[in-house]
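**Q** show me how the following folds:
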Amino acid sequence: MPHIVLLVRKLPYRTSHIYELTRIGQALAGVDLPTTVIFSEEGLFCLLQNQNPTALSMESILINLQQLKKYGATFYVIQESLTAQGLQPHQLMTNFDLQFISRSTAAQLIHKAKFTLEV
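**A** Numbering: from 1, shown residues only. Here you go, the predicted structure:
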């Protein structure tokens with residue numbers, strides 16, 4: 001069965017791209033395609049606790065991420081990006097069973113995927 005990777009590299013609320021990517025991910029995971037979400041670079045800010053996107057007149061991606069989890073998606077954080085962004089694991093949401101991986105492990109997951117969608 002094809003494996004799908006969603007690679008999130010950009011800030012969450014600068015545009016609607018990440019919101020739309022997570023909606024696409026829901027559709028894929030919802031039809032039982034194994035889906036992996038990898039957060040890298042500025043994309044880690046999608047996982048910060050206590051976000052308030054309504055202050056920016058944006059839709060929250062939290063609901064989409066929760067749906068992805070419900071459909072069995074696996075969530076990864078690239079450890080080197082966490083360090084580069086000056087973030088600590090305790091600052092990230094805890095309800096997604098985040099797994100911290102190296103950049104090389106992420107590259108292997110992407111290489112094995114049938115499709116990778118990136119924003």
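**Q** what's the biggest helix in the protein, counting residues?
**A** As assigned by DSSP state H, the longest helix anywhere in the chain is helix 17-30.
**Q** would you map the helices across the protein?
**A** According to DSSP H, the chain carries its helices in the segments 17-30, 62-70, 79-84, 103-112.
**Q** nearest to E41, out of these?
**A** helix 79-84 (5.2 Å; Cβ to Cβ). (C-beta placed from N, C-alpha, C; glycine too.)
**Q** how far out from the middle of the chain is that closest one?
**A** From the chain centre to the centre of helix 79-84 is a distance of 15 Å (Cα atoms, centre = their mean, to the nearest Å).
**Q** ok, residues contacting that helix?
**A** 39-41, 43-44, 88-89, 100-103 (Cβ atoms under 8 Å, 6 or more residues apart in numbering).
**Q** cutoff 10 Å now
**A** Under the contact criterion Cβ atoms under 10 Å, 6 or more residues apart in numbering, helix 79-84 has outside partners 9, 38-44, 47, 78, 87-89, 91-92, 98, 100-106.
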